[in-house]
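S.K.: Provided below for reference: sequence and predicted model.
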Amino acid sequence: RVYGRNADAVSQALRHAVADVVVELNPQPPRRNSFEVSLVKEDGSTVELWSGIKKGPPRKLKFPEPEKVAEMLKS
């Protein structure tokens, strides 16, 4: 539930930051106990915006602040 709640918060922040962005939650099965945000460009290349794999404990460090991810997307 924690992962889903954080994913929803990040997707909402991304949608508010960029009007025409398409957000997909877990198009492939996710890695266990991980939280990552990636950008797939029009040419098909992938850029990792944020990864919590090597962060924590505490568990809250494994999740980004939604506004920071939105700023990363804009830049």
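M.R.: Noted; the coordinates are in hand.
S.K.: From Arg1, how far off is Leu49?
M.R.: 23 Å (CB to CB, to the nearest Å). C-beta here means a position set from N, CA and C on the backbone, and glycine is covered the same way.
S.K.: mind listing the strands for this protein?
M.R.: Per DSSP state E, the chain carries strands over the ranges 36-40, 46-51.
S.K.: Could you dump those into CSV with distance to Lys60 added?
M.R.: Shown next, in CSV, are the strands of the chain (distance: least, CB to CB, whole Å):
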stretch, distance to Lys60
strand 36-40, 16
strand 46-51, 14
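S.K.: mind putting those strands in CSV, mean pLDDT and mean neighbour count included?
M.R.: Shown next, in CSV, are the strands of the chain (pLDDT from 0 to 100; neighbours: other CB atoms under 10 Å):
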stretch, mean pLDDT, mean neighbour count
strand 36-40, 90, 15
strand 46-51, 91, 13
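S.K.: OK, contacts around the most centrally placed residue in the chain?
M.R.: Taking CA atoms, centre = their mean, the centroid of the chain lies closest to Val37, which sits 2.8 Å from it. Taking CB atoms under 8 Å, 6 or more residues apart in numbering, we find Val37 in contact with Val10, Glu48, Leu49, Trp50, Ser51, Pro64, Val69.
S.K.: Make sure the fifth one is actually in contact with Glu36.
M.R.: When you say that, I think you mean Ser51. Yes. In terms of CB atoms under 8 Å, Ser51 counts as a neighbour of Glu36; the distance is 4.7 Å.
S.K.: how close does Ser75 sit to Lys54?
M.R.: From Ser75 to Lys54 the distance is 22 Å (CB to CB).
S.K.: between those two, who's got more neighbours?
M.R.: Neighbours were counted for Ser75 and for Lys54 using other CB atoms under 10 Å; Lys54 has more, 8 against 5.
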